[in-house]
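Enquirer: sequence and predicted structure below; questions after.
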There are 2 protein chains.
Amino acid sequence: MRATLDFLLHDWLRVESLTARARFADHSRETFAAVLDTCERIAREKFAPANRTADVEEPRFDGERVILPASSHAASRAYVESGMLAAAQDYALGGLQLPCVVEMAANSFFAQAGVGLGGHMLTTGNANLLMAHGTPAQQRVFAHQEFVGRFFGTMCLSEPQAGSSLSDIATRAEPDGAGADDDPLGPRYRLRGHKMWISNGDHELAENIVHLVLAKIPGPDGRLVPGVRGISLFIVPKWLVDEEGALTGERNDVALAGLNHKLGYRGIPNTLLNFGEGRYPVRGASGAIGYRVGAPGEGLKGMFHMMNEARIAVGLGAVMLGAAGYEASLDYARGRPQGRPIGPAGKDARQPQVPIIRHADVRRMLLAQKSYVEGGLALALYCARLVDEQHTGEPAAARDAARLLEMLTPIAKSWPSEWCLEANSLAIQVHGGYGYTRDYPVEQHWRDNRLNMIHEGTHGIQALDLLGRKVTMDGGAGLMALARAVNATIERALPDARLQPLASRLAQALQQLGAATKAAWATGVPEEALANAVPYLQAFGHVVIAWMWLDVALASDRDSDAGQGRHAACRFFFRHELPRIDAWLAVVRDRDDTCLTMQEEWF
Amino acid sequence: MRATLDFLLHDWLRVESLTARARFADHSRETFAAVLDTCERIAREKFAPANRTADVEEPRFDGERVILPASSHAASRAYVESGMLAAAQDYALGGLQLPCVVEMAANSFFAQAGVGLGGHMLTTGNANLLMAHGTPAQQRVFAHQEFVGRFFGTMCLSEPQAGSSLSDIATRAEPDGAGADDDPLGPRYRLRGHKMWISNGDHELAENIVHLVLAKIPGPDGRLVPGVRGISLFIVPKWLVDEEGALTGERNDVALAGLNHKLGYRGIPNTLLNFGEGRYPVRGASGAIGYRVGAPGEGLKGMFHMMNEARIAVGLGAVMLGAAGYEASLDYARGRPQGRPIGPAGKDARQPQVPIIRHADVRRMLLAQKSYVEGGLALALYCARLVDEQHTGEPAAARDAARLLEMLTPIAKSWPSEWCLEANSLAIQVHGGYGYTRDYPVEQHWRDNRLNMIHEGTHGIQALDLLGRKVTMDGGAGLMALARAVNATIERALPDARLQPLASRLAQALQQLGAATKAAWATGVPEEALANAVPYLQAFGHVVIAWMWLDVALASDRDSDAGQGRHAACRFFFRHELPRIDAWLAVVRDRDDTCLTMQEEWF
């Protein structure tokens, strides 16, 4: 993928132009390349060899400690030493002031080599949140320690009874007696509750674990406020620290209740945590000690601050698992002799067998993978580039970028989760029976990737976000911003005789999408509009990726093999994939009520 | 699924009418029910509890023996004791003379409860082949022992270098010296070669293993005949037997070279076998002893004899894995509270959460599963009913049935393999994070089902069979037979006001399919016609399942919950699924050359 990454970053997105901005002024194409080189090397040397081991020796709990393979520790250490945890931070914090788009590109190597190793994204995200919403002391004591990898981070949202429905969380946070408001680390509370699906919830990869925990502060009547307005955010460290971030030696009352045994993504221990159940009583009272971040009742706002980047990162992870499978199956298809060409040439069984890449159907499976993976990668990088624009662009451009990013985020998360999973299935299929064995890596990619449609907001949640919120917000301004961007690409493609038919088809698809959006909301009844939100999400995603491909094709030559390959993948996507939107949009447009009116007892 | 099975067998296929035929005259609805009851009970009591164990404790080889969990042995024994191995055989052989359609229905319980347990289908198939092509002695000594479960069977086709391309097998069979032609068990040969992907290739579930092995007899120049015409078929028992089928105590030279470690389907040991490598020298010469079945060079013909039933059975296995996931996720969706309704009613967070089955998108995921699983089940049973017609119908009807079966077999195998796998993915999705853990059964269903697109002819092979052979054979007679059958259903549906739109849509789909078939072959160049064979297979499959659903809907009332559910699933399939064919058929119709012209170096 390195050549594709370089092409997308430079020939397509022209990221070098970012170095004209003050924040990135010390950077150059060479410094970007150096970061990518380093990450590519570490991923190859430390992550790739640890990937299968992490799958086979899944995390286990000996009653005291969570045990991971030595190679997982080594991979994590190498990542920390690379400095990537602080890649986007200020030089003053020891950061590299990298643009988000380069940071994502660099991190993609780790996702491809071992997506379930380390979970460093969580640590970066946790620290980023504190940099945005924490006090200076919280930043110094927690975030800065995360950037250097002394502490690792988690995000504790879900509970066993509250996954997609965060408003139903039941973890309680009560002020920790006298002096609770004067703690230098922030207003001090005692937390009690259970948190489920906590990735990296317990391990010994770092000195300490900084849990960011959503909980509710009871009202004067002792009852929790229903709904999301009652949710606040807390820092709950596994080991208590002093004002300088040094461990005090006191274990906080956060106990591992169990490890989840997963289908894949096994490098990261996934946990059920008990907060304040009394396993580790601390400072003479019950409850886990936590420090509030931000105002009471504004916890979810803080969490959502970092959601966009986290969702793009999930999408990128899905893409790179797709890339891993694509490269493995391409390699296999080039080397595996089986069968002969269709037609007269293939009739002579005395002729040697040909590599399976010569068969049109194998090429179909490889082209589909290429179109999914490279299309998804383009979208992830495009979104990351929007993050940079939002942070460092001129005010008007920043505002536009933010709006477009809001629209694209559900797609950047959901589309690769679905289609790069399909790519992984095709990679298995290319391998035939061998792909179904653990002697080849593709079955693990497929298992690993199945997570991505579930975490960080399921497909269904992304679809409601898109059709229920994003396309209607600000009077449809987001959708219009997207349409402008897509039309700009179409305009550039129309004069190119060979791209003209694709440009026209995309224009039509965009029109279909707009019409379906209007039709879905024509009655103004959310129940009806949203009954087919997932088909809408799927169609929206295919239109966006078709747009990405057309834009990428515009930047691709027709002389080099790589350029020809990109044009072929673009054609493939327009001919074999984009027409699927008709079926998805038909039910949206008709406000099809088959699912809405289906009765429970009819199943 | 029992209620659905009973509905399909009796209300839809009216299988009781088969009892008017001589072969089934002693049967009745009651005797059919008794068989189903028994199988359902054994599956529940012996298979279901063993299913996860077989996955977790995958087969291992201690150097001498292949070790399976005790519960797998118990499940296999219970199956043998049920008499199902001989269910379709003559009473004289201890069989039940069951129609194929009832046999398949009864076996479906085992597939749902533990698809990878026992692999009895292989034993039945092996014995059936010998009943059709073996000598009386081969039938008595091998097949009859298989029907009572003393011996188990395998099918040894693939080799490490020859999977889809059987013409390239390199296993050699040479006459076994003096008296080789006079052996009472059949012309005796010595075999040498390697066989890959052999399910049940070694185990101790039975006293002996009867390998049916494809191999080539060298010509006078000592060289193997290239192509499939050189292939012959041999019985190679693990332990040699006398003329009465008693073990002689001599171990034949068939050695386990290794177990394949699979993604799923782990109950069945999958093996690489070495024939005649000298590990177990036998009777003073080298090579594994084998007895030829049928004439030299006609081995593949024999194998293909049983392919139709085997392929339907693979499809049925895929369906029942889908059924297992569907039932598990339906159960979960009914019991799991999460979130509130969309719209004003759901705004009040003080109201309790509702079961997720109330959400339209969850109903979508359940309806999709229902439409895939019950549609696939209908097709499998319809095909099995055609087998009965072929075997016991009047000559003209038998001929028509055989022709239709030829057409439908690639679909019966491939469609459930693809879409009931998708059903399994949706079952995971309904479970959310829980579905990604091994605490719930759905992740195993998904892993198990992934095999079905690969074995017994990959998707690509099925597609070539369909578009390259089946639709063109006898001047398109098969396609016309199918069109007649579909049109008959359409005619019956047109007068029903509520089914009329679906009937019209199906008529249009059939027309599209015919037109695409013609267009694909318009230039008469196989390379061009077949470049998009898989999209053709997919579209063909969706048309066939739409037909099944319309026909099933015609037999469904609108008063009962179950009847309403079937009508809803039928509508779902027509509105959400059938429109997908437009995209698939477009590339077929246009003879799209994107895949054909893609160059290897462009990837």
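Expert: Arrived safely, thanks for sending.
Enquirer: ok, whichever residue of the stretch 51-200 of chain A sits closest to chain B - how many residues close by?
Expert: The nearest approach of the stretch 51-200 of chain A to chain B comes at A:S165, 4.3 Å away (Cβ to the nearest Cβ). For glycine as for every other residue, the C-beta is placed from the backbone atoms N, C-alpha and C. Residues lying near A:S165 (other Cβ atoms under 10 Å in any protein chain shown) number 20.
Enquirer: where does A:V213 land in three-state SS?
Expert: Of the three states, A:V213 takes strand under DSSP: H, G, I helix; E, B strand; the rest coil.
Enquirer: avg pLDDT for whatever helix or strand A:S329 lives in?
Expert: According to DSSP states H and E, A:S329 maps onto helix A:307-335. Averaging pLDDT along helix A:307-335 yields 95.
Enquirer: now do the buried residues in the helix or strand following it.
Expert: Later in the chain than helix A:307-335, the nearest helix or strand by DSSP H and E is helix A:360-392. Neighbour-count burial for helix A:360-392, counted by 16 or more other Cβ atoms under 10 Å in any protein chain shown, picks out A:360-390, A:392.
Enquirer: where does the stretch 501-603 of chain A come near chain B, residue by residue?
Expert: Counting by Cβ under 8 Å from any Cβ of the partner chain, the stretch 501-603 of chain A comes close to chain B at A:525-527, A:530-535, A:561-562, A:564-565, A:568, A:571-572, A:575-577, A:579-580, A:582-583, A:586-587, A:590, A:592, A:594-603.
Enquirer: got a quick ChimeraX command for the buried subset of those?
Expert: Those of those that count as buried under 16+ other Cβ under 10 Å are selected in ChimeraX with:
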select /A:526,527,530,531,532,533,534,535,562,564,565,568,571,572,575,576,577,579,580,582,583,586,587,592,594,595,596,598,602,603
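Enquirer: what number of residues are in the vicinity of A:P49?
Expert: 14.
Enquirer: cool, A:R558 as well?
Expert: Using other Cβ under 10 Å, A:R558 has 10 neighbouring residues.
Enquirer: what pLDDT is listed against it?
Expert: Listed pLDDT for A:R558 reads 96.
Enquirer: assign a three-state SS to it, would you?
Expert: coil.
Enquirer: how about the contacts made by it?
Expert: By Cβ atoms under 8 Å, 6 or more residues apart in numbering or on different chains, the contact list for A:R558 reads A:Q564, A:H567.
Enquirer: do that again at 10 Å, thanks
Expert: Shown in contact with A:R558 (Cβ atoms under 10 Å, 6 or more residues apart in numbering or on different chains): A:R498, A:Q564, A:R566, A:H567.
Enquirer: how near is it to A:N274?
Expert: Distance from A:R558 to A:N274, counting by Cβ to Cβ, to the nearest Å: 61 Å.
Enquirer: ok, now A:L421?
Expert: Distance from A:L421 to A:N274, counting by Cβ to Cβ: 33 Å.
Enquirer: just A:S17 next, same as before
Expert: For A:S17, the distance to A:N274 - Cβ to Cβ - is 50 Å.
Enquirer: and the angle from the longest helix anywhere in chain A to helix B:395-431?
Expert: In chain A, assigned by DSSP state H, the helix with the most residues is helix A:395-431. Here the directions of helix A:395-431 and helix B:395-431 differ by 140 degrees (axes from the mean of the first three to the mean of the last three Cα atoms, to 10 degrees).
Enquirer: point out where chain A drops to low pLDDT.
Expert: Within chain A, no range satisfies pLDDT under 70.
Enquirer: most distant residue from the centre of it?
Expert: A:R350 (50.5 Å; Cα atoms, centre = their mean).
Enquirer: and the closest residue to it other than its chain neighbours, which of the three is it?
Expert: Leaving out its chain neighbours, the residue that sits closest to A:R350 by Cβ to Cβ, 6 or more residues apart in numbering or on different chains is B:P226, at 4.6 Å. When classified by three-state DSSP, B:P226 comes out as coil.
Enquirer: next one: A:G290
Expert: A:G290 is classified as strand under three-state DSSP.
Enquirer: in contact with it, which residues?
Expert: A:G290 touches A:171, A:173, A:176, A:185-191, A:211-213, A:215, A:232-237, A:252, A:254, A:275-276, counting by Cβ under 10 Å, 6+ apart.
Enquirer: apply 8 Å and report the result again.
Expert: A:A173, A:R188, A:Y189, A:R190, A:L191, A:V213, A:A215, A:F234, A:I235, A:V236.
Enquirer: what's the nearest residue to it if we skip its chain neighbours?
Expert: Nearest residue to A:G290 in three dimensions, chain neighbours excluded: A:F234, at 3.5 Å (Cβ to Cβ, 6+ apart).
Enquirer: partner strands of the strand or helix carrying that neighbour, with direction?
Expert: For A:F234, the host element (DSSP H and E) is strand A:231-237. Strands that pair with strand A:231-237, judged by DSSP bridges, come out as strand A:208-216 (antiparallel), strand A:288-293 (antiparallel).
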